[in-house]
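In: heads up, no residue letters with this:
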């Protein structure tokens, strides 16, 4: 029960952070939004070190956390770019489906073949992908969706592998793996910006979104790690992947983003598919 509650809390936190980060990416671009969001989250985590005392991470934690940070940064970058170019209610659920599926597949090698209900969940997920991607009343994939559909797919794979890598890195620690992961991710994005000779300048009207994004994103990370320590990898990862529900709700409530009936049905099926995965 504790692991499930922590996983759901992680989803709420991540969903809020992604909503703010998506809005920030529309103002300043995806690369800068991701880099500053990671950096701000790193500052919040470092500030917690004097309060929460942990042992120094070993080589195993350092290696897995560093790789996880780079993979996670790629996933977050793809998500923010998708949120910048497309609809929040389409991008976030598709990303979450793959993010939930990767830990399930990884669990096959650890716990054996999934139960039949998992196959049902994947079938619902495929139907959800089709429904969520329909924007026009003609019930066909719109050209705009096809133009950015690859981004949530890349994002989902990045998050899925991030879930697995961070679970391996955070057996006993919480802050240490987060600090290492966010450091490697921030450095990777910063180097990329330097190579591209992109500006690091941030408009004053974007800072509040970046702070919200960084705070809630690192909160989601901490809650996910605690959920994984309290329960199974697949359970904590899949429940954490419910974050699109929060993102879509905020897009509808704050941005007044219209969602068609077919998309509501697809979003509902996506969430049902994710929940079904936790019952295996």
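Out: Perfect, thanks for sending it. No experiment lies behind these values; they were computed from the predicted model shown. Residues are numbered from 1 along each chain as shown.

In: Which parts of the stretch 101-250 of the chain are helices?
Out: 116-132, 143-148, 150-169, 175-196, 207-230, 233-240, 243-253 (DSSP state H, counting those that start in this stretch).

In: what's the offset of the fifth one from the middle of its chain?
Out: Averaging C-alpha positions (CA atoms, centre = their mean, to the nearest Å) puts helix 207-230 10 Å from its chain's average.

In: now the angle between helix 233-240 and that helix, please.
Out: Per axes from the mean of the first three to the mean of the last three CA atoms, to 10 degrees, the angle that helix 207-230 makes with helix 233-240 is 150 degrees.

In: can you offset everything so residue one is 26?
Out: Understood, numbering begins at 26; the last thing we discussed is helix 232-255.

In: how about the helices of the stretch 126-275 of the chain in TSV, adding distance to residue 63?
Out: All C-beta atoms are positioned from the backbone trio N, CA, C, and that covers glycine. As requested, the helices of the stretch 126-275 of the chain are exported to TSV (distance: least, CB to CB, whole Å):
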stretch	distance to residue 63
helix 141-157	27
helix 168-173	22
helix 175-194	13
helix 200-221	4
helix 232-255	7
helix 258-265	18
helix 268-278	17
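
In: Can you tell me the element residue 68 falls in?
Out: Element membership for residue 68, per DSSP states H and E: helix 55-73.

In: name the helices or strands packed onto that helix?
Out: Packing partners of helix 55-73 (3 or more CB pairs under 8 Å, 6 or more residues apart in numbering; DSSP states H and E): helix 27-53, helix 84-110, helix 200-221, helix 232-255.

In: Name the residues that touch the third one?
Out: In other words, helix 200-221. Surrounding helix 200-221, the residues in contact under the criterion CB atoms under 8 Å, 6 or more residues apart in numbering are 56-57, 59-60, 63-64, 66-67, 70-71, 73-74, 77, 79-82, 86-87, 89-95, 97-98, 101-102, 191, 194-195, 225, 243, 246-247, 250.

In: re earlier: so which of the helices of the stretch 126-275 of the chain has the densest surroundings on average?
Out: The highest average neighbour count among the helices of the stretch 126-275 of the chain, using mean count of other CB atoms under 10 Å, belongs to helix 258-265 at a mean of 27.

In: So what's the model's average confidence on that helix?
Out: For helix 258-265, mean pLDDT is 81.

In: just checking, what packs against it?
Out: Helix 258-265 is packed against helix 27-53, helix 113-136, helix 175-194, helix 232-255, helix 286-302, with contacts defined by 3+ CB pairs under 8 Å, 6+ apart.
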